[in-house]
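Enquirer: for reference, the sequence and a predicted model appear below.
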Amino acid sequence: MKHIVSFSGGKDSTAMLLRMLEENMTIDEIIFCSTGKDFPDMLNHIEKVEIYIKEKYNKTITILQSEKTFEYFMFEHIKTKGKNKGQAGYGWPSMRVRWCTTYLKTVVLDKYLKKYKEEGYIEYVGIAYDEQERIKDKKYPLIEWQMTEKDCLQYCYDRGFDWNGLYEHFDRVSCWCCPLKNQKELTILWQYYPDLWEQLKEMDKKTYNYFKPPTWKVEGLEQKFISKELKKKKK
């Protein structure tokens, strides 16, 4: 039976991995699935974690990535069924159609884990104590340890992992281009990550659907943010 850590790089999975190692729990492989749209600071964090666990525990991180890119699924993939059969590209992901998670994470990980099918495996997932409604049929050490999201973040900070301030700006540090971010987070992206915001605008120009349904495109949001800033300055 193999023991596999599903590592997203976020505060919860990082805290889970570090504590599992500190408590000498069995870990056969640590797997990170990249969507290709991870924050640069997240990728730096993962590199920092790998250096740390390599030096201290002789462990490495397996990085998986789909053969097809985020852009391919967003703009080029031809739909083979449904009302939009024959249409090129899924467009922006939505709460209903989270193709990004499906094709760039779930499918990639499931395909990789097939090699452990015969001997079997236990997958450890970093879901915090205050998110128990998300649990399924995997192993959740943070829940057993009763570690909340706040606990996990502090646990990582105490060990020198700070994501270069990502969690000072965002509650969730998944893909920087995620349309499920709220307007507060999008305002922060616009203010503090201008290079990523420019990429977001270019992506939005190429797709058929709204970034924030029912009416918001990225340039429209930008004008809204600029207007708010101007009003603040006038006060």
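Expert: Sure thing, it's come through. Numbers count the residues shown, from 1 in each chain.

Enquirer: poorly predicted segments of this structure, please.
Expert: 235 (pLDDT under 70).

Enquirer: which SSE is the residue most central in space within it in?
Expert: For the chain, S174 is the residue whose C-alpha lies nearest the centre (CA atoms, centre = their mean; 2.8 Å). For S174, there is no host helix or strand (DSSP states H and E).

Enquirer: which stretches in the chain count as helices?
Expert: 11-22, 40-57, 70-71, 99-101, 107-113, 141-144, 149-158, 166-169, 183-192, 194-205, 218-234 (DSSP state H).

Enquirer: deepest of the ones you listed, which one?
Expert: For those, average neighbour numbers computed from mean count of other CB atoms under 10 Å are highest in helix 11-22, which has a mean of 22. Backbone N, C-alpha and C define where each C-beta goes, glycine included.

Enquirer: how far does that one sit from its chain's centre?
Expert: On the basis of CA atoms, centre = their mean, to the nearest Å, helix 11-22 sits 16 Å off its chain's mean C-alpha point.

Enquirer: can you tell which of the helices of the chain is closest to I4?
Expert: Nearest of the helices of the chain to I4, taken as CB to CB: helix 107-113 at 7.0 Å.

Enquirer: didn't K79 look like it was pressed against K85?
Expert: Yes. With contact defined as CB atoms under 8 Å, K79 reaches K85; the gap is 5.5 Å.

Enquirer: looking at the two, which is more packed in?
Expert: Set side by side, K79 and K85 show more neighbours around K79, with 13 against 9, by other CB atoms under 10 Å.

Enquirer: which one of the helices of the chain lies nearest to Y121?
Expert: helix 107-113 (6.5 Å).

Enquirer: now the closest one - C-alpha only, CSV.
Expert: Extracted in CSV, the C-alpha atoms of helix 107-113 (Å, rounded to 0.1, in the frame of the first residue of the first chain):
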residue,chain,number,x,y,z
VAL,A,107,-7.8,13.7,-15.0
VAL,A,108,-4.0,14.2,-14.8
LEU,A,109,-3.7,12.9,-11.2
ASP,A,110,-6.1,9.9,-11.8
LYS,A,111,-4.1,8.8,-14.8
TYR,A,112,-0.8,9.0,-13.0
LEU,A,113,-2.1,7.1,-9.9
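
Enquirer: contact partners of it?
Expert: With contacts defined as CB atoms under 8 Å, 6 or more residues apart in numbering, helix 107-113 is touched by I4, S6, I31, C33, L64, Q65, S66, Y121, E123.
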